[in-house]
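> structure for the following, please:
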Amino acid sequence: MIPDEETSEHRSMPALTLLQKHIHQRDLAEVIDRLTSVLLAGWLSSSQILTLGHYIVQAGEATDGGAFLHEMAQRMPQQKDALMTIAEQLKQESRLEGKSVKA
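Next up, the predicted model:
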């Protein structure tokens, strides 16, 4: 029930607070602006950002997790390689399961 604007005040984990609030939305693109601004604030390490990327893919209900990660990578060039690695892993796993996923 916390307003999105207040999540940035949670300095220890503002991105996680925001994601936990919205993780079950079909279209996480609605929160990508807020999420990337929180991530770009520099409060998280690269490994924590990777963990959040995996969380988005595994727990999220976005229709295309690979596209979401790709968009995040475009907005966060310093994390692009890591985010694209997650997107590629998602694509590879989908191939193994016989699903079609864009990355």
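
> next SSE after the helix-or-strand element of the chain with minimal mean pLDDT?
The helix or strand of the chain with the lowest confidence, counting by mean pLDDT, DSSP states H and E, is helix 4-7 at a mean of 60. Counting by DSSP states H and E, the next helix or strand C-terminal to helix 4-7 is helix 14-22.

> distance from the chain centre to the next helix or strand along the chain from that following helix, please.
For helix 14-22, the succeeding helix or strand toward the C-terminus, using DSSP H and E, is helix 32-40. Taking CA atoms, centre = their mean, to the nearest Å, one finds helix 32-40 lying 9 Å from the centre of the chain it belongs to.

> how much does helix 32-40 deviate in direction from helix 14-22?
Interaxial angle of helix 32-40 relative to helix 14-22 (axes from the mean of the first three to the mean of the last three CA atoms, to 10 degrees): 150 degrees.

> what's helix 32-40 in contact with?
4, 7-8, 14-15, 18-19, 28, 49, 52, 68, 71-72, 75-76, 79 (CB atoms under 8 Å, 6 or more residues apart in numbering). (C-beta placed from N, C-alpha, C; glycine too.)

> kindly report the same for stretch 73-90.
32, 36, 39-40, 46, 49-50, 53-54, 57, 65-66, 69-70, 72, 101, 103.

> recalculate using a threshold of 10 Å.
32-33, 35-37, 39-40, 42, 44, 46-47, 49-54, 56-58, 64-72, 99, 101-103 (CB atoms under 10 Å, 6 or more residues apart in numbering).

> and that stretch, average pLDDT?
Stretch 73-90 carries an average pLDDT of 85.
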